[in-house]
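Trainee: Please work out how this folds:
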Amino acid sequence: MKHLKIYSKDYIQKLVRKRSGEIKLGDCVHFVDQENIEKDLQNSDVKFVLLGLPEDIGVRANYGRGGTHTAWQPALTNLLNMQSNDYLCGKELLILGHIDFDDLMEKANKMDNTNEKGIDELRNLVSEIDDRVTSVIELIVSSGKIPIVVGGGHNNAYGNLKGAAQGLAAVQKIKSAKINCINCDAHSDFRPLEGRHSGNGFSYAYEEGFLNKYSVVGLHQSYTSEFVFDKLKKYSDRIRFFLFEDIILHEQLSFREAVENATDFIREAYYGIELDIDAIQNAPSSAKSSSGISANQARQYVTWTAANSHVAYLHIAEAAPILSHIKTDNKTGKLIAYLITDFIKAAGNSINSEKHKK
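Mentor: Here you go, the predicted model:
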């Protein structure tokens with residue numbers, strides 16, 4: 001794990017704002033030792049492992065605006081400073097650290113994503129990101145844990161899916177390395193196989209067999225090409241999508257019905273949960289939109305989809321606090337922290353219910 005930066009208790013404690021009479025989540029979370037990462041993960045009773053992906057190369061390789069590398073730190077700081085109480089005490093979570101992309105980011109900063117040569121170079125770097133993400137996710141999942149992944153572009157859905165599928169297969173929880181996925185997103189990220197970037201993480205995972213069934217909630221008509229719609233319809237036996245316009249404008253089904261239908265389609269097997277922050281109205285992201293679901297609906301989406309014992313991971317992608325019109329943007333990190341705690345509560349209750357049944 002050459003590129004995995006492990007966080008120590010001392011480091012985390014420096015991020016916790018102390019207040020007399022209060023206990024914060026950061027006071028209670030777990031850690032691993034730098035020298036015994038795999039052993040500590042295997043032996044820990046904690047079910048959820050937090051991992052940061054501070055990169056924006058995949059977005060730039062998709063002709064997009066950078067900035068997704070700035071989501072991880074404010075999300076972590078806000079999470080650590082939430083209150084520890086009977087609803088969530090912090091002992092449910094292990095803070096692993098983040099994957100170091102500094103060397104790749106340095107190379108990317110010298111590349112121009114307005115010309116073909118620069119785009120090709122950036123897409124080659126994304127393939128290196130894929131390898132790093134896959135190996136760490138596989139390690140976490142094969143240790144019997146559920147990764148909570150924050151940051152980076154949606155290119156990282158590929159590494160999440162591949163790593164989780166291989167991790168589950170390694171410990172024989174599934175026969176072959178393929179899992180399902182649900183994604184709340186204005187885009188399907190099922191674009192052509194033209195070199196890796198943030199717009200084709202799912203199409204690559206599908207093509208290579210790591211993604212079996214896929215459902216998308218909140219897809220925007222005006223930002224989905226005819227090529228992508230044709231692909232999604234062609235594979236309708238394994239792909240379902242629910243349009244934002246059908247849910248919000250025409251009210252053909254409620255948001256809850258859309259999420260439940262999308263979840264029902266993939267829930268019979270292990271599945272990853274993906275949430276693109278650009279699905280949320282006016283949230284700072286690489287593809288910020290003035291029209292989208294609300295922050296509360298995003299929290300509902302995470303809560304509803306996490307309430308199942310087959311959940312393999314959660315990924316919160318594309319947030320870019322640095323692109324906020326407010327110079328000091330605290331709300332994006334706070335929103336991600338809410339989403340993380342919502343996920344732990346919902347998934348944790350589901351896991352505990354399954355244990356009691358046994």
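Trainee: What sits closest to S291 if chain neighbours are left out?
Mentor: Once flanking residues are discounted, S291 sits nearest to Q281: 6.2 Å by C-beta to C-beta, 6 or more residues apart in numbering. (Each C-beta comes from the backbone N, C-alpha and C, glycine too.)
Trainee: contacting residues for that neighbour?
Mentor: S289, S290, S291, G292, I293, S294 (C-beta atoms under 8 Å, 6 or more residues apart in numbering).
Trainee: Report the buried members of those.
Mentor: S289, G292, I293 (16 or more other C-beta atoms under 10 Å).
Trainee: of all those residues, which comes closest to P147?
Mentor: Closest approach to P147 among those (C-beta to C-beta): I293, at 23.8 Å.
Trainee: Could you count how many residues lie near the closest residue to Q34 other than its chain neighbours?
Mentor: The spatially closest residue to Q34, leaving aside those adjacent along the chain, is I6, at 4.9 Å (C-beta to C-beta, 6+ apart). Close neighbours of I6, defined as other C-beta atoms under 10 Å, add up to 17.
Trainee: wait, isn't I6 in contact with H98?
Mentor: No: applying C-beta atoms under 8 Å, one finds I6 not in contact with H98, separated by 9.3 Å.
Trainee: Please, where are all the strands along the protein?
Mentor: For the chain, the strands defined by DSSP state E occupy 4-6, 48-52, 93-99, 146-150, 179-184, 211-219, 239-243, 271-276, 311-317.
Trainee: any chance of these in TSV, plus mean pLDDT and distance to R19?
Mentor: As requested, the strands of the chain are exported to TSV (pLDDT from 0 to 100; distance: least, C-beta to C-beta, whole Å):
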stretch	mean pLDDT	distance to R19
strand 4-6	98	27
strand 48-52	98	23
strand 93-99	98	20
strand 146-150	98	25
strand 179-184	98	34
strand 211-219	98	38
strand 239-243	98	43
strand 271-276	98	30
strand 311-317	98	27
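Trainee: Format these as a markdown table; extra columns: distance to M82.
Mentor: Shown next, in a markdown table, are the strands of the chain (distance: least, C-beta to C-beta, whole Å):
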| stretch | distance to M82 |
| --- | --- |
| strand 4-6 | 22 |
| strand 48-52 | 13 |
| strand 93-99 | 11 |
| strand 146-150 | 14 |
| strand 179-184 | 23 |
| strand 211-219 | 26 |
| strand 239-243 | 31 |
| strand 271-276 | 19 |
| strand 311-317 | 16 |
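Trainee: how close does the residue nearest to the spatial centre of the chain get to I119?
Mentor: By C-alpha atoms, centre = their mean, the chain has its centre lying nearest to H315, at 1.1 Å. Note on H315: its distance to I119, by C-beta to C-beta, to the nearest Å, is 24 Å.
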